[in-house]
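Enquirer: Take this sequence and fold it.
(2 chains)
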Amino acid sequence: MSASRSRFLVPLLLVLAACQPSASASPSDRAASSTAPSSSAAAIVTYPQTLTDDAGREVTLPAEPAKIVSLAPSNTEIVCALDACDRVAGVTDADDYPPEVADVDDVVIGALVDVELIVAADPDLVLAAGNELTSSAVITELTDLGYPVIVLYPASLEAVLDNITLVGQAINATEAAAEVVADMEERIAAVEEAVAGADAPRTFYEVGLFEGAIYTAGGDSFLSGLISTAGGEPITGDPLTTAIALEDLVAADPELILLGDAAYDPSITPESVAARPGWGEMTAVTSGAIEVMEEDPVITRPGPRIVEGLEALARAIHPDRFD
Amino acid sequence: MIGAGIGLVVVAALAAVAAGSVDVGLAETIGIIGQRLGLPVTPTWDSTAPTILFEVRLPRVLAGVLVGAGLGCAGVVFQALLRNPMADPYVIGAAAGASLGAVLAITAPIVLPILAVGAGTAWLGIGLAQVMAFLGALGAVALVLAVARQDGRSSMVTLLLTGYAVSSLIAAGVALLLVSSGRALASVVGWLLGSLGGTGYPELAVAAPLVLGGSALLLMRWRTLNLLLLGDEAAAGRGVDLVSARRGLVLLATVVTSAAVALAGTIGFVGLVVPHLVRLAIGPDHRLLLPMSCLGGAALLVTADLAARLVGGVPVGVVTALIGAPFFLWLLHRSATAVTTP
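Expert: As a prediction, the model looks like this:
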């Protein structure tokens, strides 16, 4: 029994890593989260204030947070983009950007959130991830211990902007947040303009392969939305598991294959993909439209650098529009 | 002997409170405990240290004591009752039923009856999964007992086999839920692997009377268990009402097991091997075997959980097997008498 359990774990982690928000986070969620003033000029933040997070929880902050623990790399990047990197008191072992977070203590090792280490960091704000990426048991435990926990789980590109605004409001950095958001909006608009009117090629983004299962963008997921915005027509997998059966992929006949997993595994190359049994007849393979996406870390991390991911996707899908 | 056992548990518990991923220091730990007991101690420690000790570590250690004691004690009873050295507290369906209850609570909170239970748990201040696990364990054992009944009484072999069959059936249901659990998968797997983390005082307050009360009532039945070892006829000849004695033992051991599983998930190995370890050490007399298995289970689980925390949060069930199994094999090898079949 234990053997079959542990075999569940690895694909599970893969799925969770690949599983950006499903469609369930509705626009109303986002409307709720943007109780903070939007990109308009910096409002004066007063404490105590109550904010609504992506899980629909009301979180009250008694004073301006001076010590922030981040339980996801994207959350860390948001805080640092708001010039508040010096307030980050705990991160995950997967954090690698910006470089100065290497000096911050890890409070999340692998999938394990070490509550003891969080208590020792003595934070006045914890930024968690949604959809069980931070387990609900841990969120409950931290809340019970008295820490304000804001859950960030953007369902779309626009929701990332809302998250940045929300964090700006929470940590009294509304001005910086407005600047970051305005810059991102500008870059998103530029991409949209560049790909406007172009034919959208059927695009398959490979997140990973595990024991014969192929993981890609889930239906109506963050990643599929990003591909659409970049001017592609995403070939999506199961909304829940983000897996797609090989026969469905063959039937969908991708015109472009983007290899996100090749950014971490040099053995995955356009040649190795073309040689996979059953893949040879796809249009993308016969026409040689297979590309390695070295930018996968920014494509799959819903932080401020997501616009870099969007730009990379748009360049890969419509190289002719970015000469 | 009992005193030594209690001492072992206390030492293990103190060590588990003093050590962890944050280095509080032994002197500081003693100081913090002293201050909490009202002694005039000047704080030399970080302001977060008392929170770590009393709010993060202590509930977890107490959960380890409760769960370990319950499983150790119930394991002895099931081995004696079923006269099978491979029996453990989970053998007649408790673990499978608890898993089903907890997984249902985590994956399908829309079902109306669960909502009703949920309202009750909110009032008690404990998790829905815990209550559903408890009810699931009781329900599965009740089902096994009902199915195994023949002519108003069930033979122990039939009970054992029915337990395996019903457990397999329920496990299939759990697997089905797992596949369709989607975003809750991490929570579900975490529960199934068993963990003492995240236990709060409200859960402990509900589980403690069930585990400790049930175990105490089991301890009082040591004489019956000794007689059952002699065989049905011999036991009946000495005045044991087999049907009612067994019913009482199964009921008590099931309540203890269910509360333990509800608190920590399905932690394996403790309930199977602790009784054997203790039996090898002190013999098969239940007057000592029962309480010492209780204490041994508590000490083993608290120590295993400390090890699990120190090596970076591996599931405690993995650690109980990793340290317990080789030790058990060594003991088996050393002991010329081998395992005394209960």
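
Enquirer: So, low pLDDT: which residues of the chain?
Expert: Because you didn't say which chain, this covers chain A. Scanning chain A for pLDDT under 70 picks out A:1-43.

Enquirer: Switch to chain B, please.
Expert: Scanning chain B for pLDDT under 70 picks out the ranges B:108-126, B:150-154, B:181-184, B:186, B:335-342.

Enquirer: interface residues of it facing chain A?
Expert: Taking Cβ under 8 Å from any Cβ of the partner chain as the contact definition, chain B meets chain A at B:20-22, B:46-48, B:51-52, B:55-57, B:171, B:178, B:180, B:182-187, B:189-190, B:192-193, B:197-198, B:200, B:268, B:312-313, B:317. Just so you know, the C-beta spots here come from the backbone N, C-alpha and C atoms, and that holds for glycine as well.

Enquirer: Walk me through the domains of chain A.
Expert: When chain A is parsed with automatic domain parsing, its domains come out as A:41-191, A:197-322.

Enquirer: picking that back up, out of the residues of chain B next to chain A, which are inside helices?
Expert: Mapping the residues of chain B next to chain A onto helices (DSSP state H) picks out B:51, B:171, B:178, B:185, B:186, B:187, B:189, B:190, B:192, B:193, B:317.

Enquirer: shouldn't the last one be in contact with residue B:271?
Expert: Which is residue B:317. No: the criterion here is Cβ atoms under 8 Å, and residue B:317 misses it with residue B:271 at 11.3 Å.

Enquirer: Show me which of the two is the more surrounded one.
Expert: Comparing residue B:317 with residue B:271 by other Cβ atoms under 10 Å in any protein chain shown, the one with more neighbours is residue B:271, at 34 against 24.

Enquirer: Helix or strand: which one has the more buried one?
Expert: Under the criterion of DSSP states H and E, residue B:271 resides in helix B:270-282.

Enquirer: Return the list of helices and strands in contact with that helix.
Expert: With contacts taken as 3 or more Cβ pairs under 8 Å, 6 or more residues apart in numbering or on different chains; DSSP states H and E, helix B:270-282 sits against helix B:58-82, helix B:286-310, helix B:316-334.

Enquirer: Against chain A, how distant is the residue of chain B most remote from its centre?
Expert: What lies farthest from the middle of chain B is residue B:42; by Cα atoms, centre = their mean that is 39.0 Å. Separation of residue B:42 from chain A (Cβ to the nearest Cβ, to the nearest Å) stands at 21 Å.

Enquirer: in the stretch 201-323 of chain A, which spans are helices?
Expert: With helices called from DSSP state H, counting those that start in this stretch, the stretch 201-323 of chain A shows them at A:222-229, A:246-252, A:270-274, A:283-286, A:296-299, A:306-317.

Enquirer: which residues does the residue of the stretch 51-200 of chain A found nearest chain B bridge with?
Expert: Residue nearest to chain B within the stretch 51-200 of chain A: residue A:112 (3.8 Å; Cβ to the nearest Cβ). Using DSSP bridges, the bridge partners assigned to residue A:112 are residue A:109.

Enquirer: Surely it and residue B:313 touch.
Expert: Yes: using Cβ under 8 Å, residue A:112 is in contact with residue B:313, at 3.8 Å.

Enquirer: Next, work out how far apart residue A:105 and residue B:306 are.
Expert: 22 Å (Cβ to Cβ, to the nearest Å).

Enquirer: Many thanks, I have nothing further to ask.
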